[in-house]
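Enquirer: Just a sequence and a predicted model for now, questions to come.
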Amino acid sequence: MAVASNTNFVVRNECPLCRGSAEVVWHESIADSWIGPYLVQRYRDVSLEDFKDVPYEVRHCPICDFYYQTYVATDTFLEHMYIGEGKETSLKKKRDADINRFIGFAREAERIAVLLARRPHDVTVLEFGAGWGFWSLMAKAYGYQVHGFDTAPIRVAYAKENGIHFYTSLKEIESGSFDFVFSDQVLEHITDPVGALREATRCLCPGGLVRLGVPNAGGADTLLRNSRGRPLKELHPLEHINGFTYRSLVVCGEAVGLTVLPSLTIARKLIRRVGLTQNAQYLQDAVKHVFSQNSGTLLYFIKT
Ligand SMILES: [Zn+2]
């Protein structure tokens, strides 16, 4: 990684997953295109000057099938940007979500006990990148021994008010102390996704499971060509700096010693659950996850 001439950014010339060389599939000036004014409006406390000499550039690694933004904002600059967005706006988005979001949280929490074939109370869960802690709160209600990890003090303080124990550094966690690591919409934001996942996996016991969910950036080069004048959600400027596909998410997991849980294992466990509940919703859920486990970007891994 190199420092950019604009000190708000660092440069990722090599593929963050395999360190191979990747081709540029998109390149345009931030300041001189629609992107600059869009970012200034979105984050308020930033100006076009903050993006001087920094392009919005996307590369694709043919080995990993991984898309990534070359220019990545530093933690200091990101913090400044997010403070500009305001605590209330960020919290409101999560807290005032539609009921379906919370139903989804409950399904995710339930699935852990089903996949591990254990009672919730006997399972230790780490939510990696837990944000304001709403999913952790749901998992706690199910009886899991849940802990969150996040670095933003304002979010950690909020989660603690809700009775969730949060770590602010993974270094505080003893190796092998968790049965399950849950991560949703986190890895796409991290400059070194392999390094972060390696540290999270260290906290997992042998035989433990990791659930990774990220946006699916498959075919992003075509999507970018068709998205003139508005941000591509999967590779949102400055935020979604990593664009995962099925293959690249598998590569990321394998780089830290994880193995994708076979889709047949998922099918056997989830479909058995359908039989026990007689609930059509569970069948839909089971089919969705078996399909994702073969081609999607919501994957369960096992630490062998
Ligand atoms: Zn690569």
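Expert: Right, received. Where do you want to start?
Enquirer: any idea how far the closest residue in space to Asp192 that isn't next to it in sequence lies from Arg202?
Expert: The shortest distance from Asp192 to any non-neighbouring residue, by CB to CB, 6 or more residues apart in numbering, is to Pro16 (6.2 Å). (C-beta placed from N, C-alpha, C; glycine too.) Counting by CB to CB, to the nearest Å, the gap from Pro16 to Arg202 is 19 Å.
Enquirer: show me the contacts for the residue of the stretch 201-304 of the chain found nearest the ion.
Expert: Residue of the stretch 201-304 of the chain nearest the ion, by CB to the ion: Val251 (6.9 Å). By CB atoms under 8 Å, 6 or more residues apart in numbering, Val251 lies in contact with Leu17, Cys18, Cys64, Phe66.
Enquirer: one more time with 7 Å
Expert: Contacts for Val251 (CB atoms under 7 Å, 6 or more residues apart in numbering) come out as Leu17, Cys18, Cys64.
Enquirer: Look at it and tell me its secondary structure.
Expert: Counting by DSSP: H, G, I helix; E, B strand; the rest coil, the backbone at Val251 sits in helix.
Enquirer: Can you mark which positions in the longest strand that the chain contains are buried?
Expert: Taking DSSP state E as the assignment, the strand of the chain that covers the most residues is strand 204-213. For strand 204-213, the neighbour count (16 or more other CB atoms under 10 Å) marks Leu204, Gly208, Leu209, Val210, Arg211, Leu212, Gly213 as buried.
Enquirer: What of stretch 167-181?
Expert: For stretch 167-181, by 16+ other CB under 10 Å, it's Tyr167, Leu170, Ile173, Phe178, Asp179, Phe180, Val181.
Enquirer: mind listing the strands for the stretch 1-150 of the chain?
Expert: 2-3, 9-11, 23-29, 55-61, 66-69, 71-73, 124-128, 145-149 (DSSP state E, counting those that start in this stretch).
Enquirer: Equivalent analysis for the stretch 151-300 of the chain, please.
Expert: So, for the stretch 151-300 of the chain - with DSSP E, counting those that start in this stretch - the strands run 165-167, 178-184, 204-213, 242-243, 258-260, 298-303.
Enquirer: How about residues contacting the shortest one?
Expert: Just to be clear, that refers to strand 242-243. Counting by CB under 7 Å, 6+ apart, Pro16, Tyr67, Tyr68, Leu187, Glu188, Pro193, Ala217, Ala220, Glu234, Leu235 sit against strand 242-243.
Enquirer: List the contacts of the second one.
Expert: The one in question is Tyr67. So Tyr67 contacts Val58, His60, Ala217, Ala220, Leu235, Gly243 (CB under 7 Å, 6+ apart).
Enquirer: can you redo the residues you listed as a markdown table with distance to the ion?
Expert: Below are the contacts of Tyr67 laid out as a markdown table (distance: CB to the ion, whole Å):
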| residue | distance to the ion |
| --- | --- |
| Val58 | 14 |
| His60 | 9 |
| Ala217 | 14 |
| Ala220 | 14 |
| Leu235 | 16 |
| Gly243 | 12 |
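Enquirer: Which two among those are spaced furthest apart?
Expert: Using CB to CB, the pair of these lying farthest apart is His60 and Leu235, separated by 10.6 Å.
Enquirer: These two: which is more packed in?
Expert: Leu235 (26 against 21; other CB atoms under 10 Å).
Enquirer: I figured the more buried one hits Gly218, correct?
Expert: No: assessed by CB atoms under 7 Å, Leu235 is found out of contact with Gly218, at 11.6 Å.
Enquirer: my read: Leu126 touches Cys205, true?
Expert: No: applying CB under 7 Å as the test, Leu126 and Cys205 come out as separate, 10.9 Å apart.
Enquirer: Mutual contacts of those two, please.
Expert: Residues touching both Leu126 and Cys205 by CB under 7 Å, 6+ apart: Phe178.
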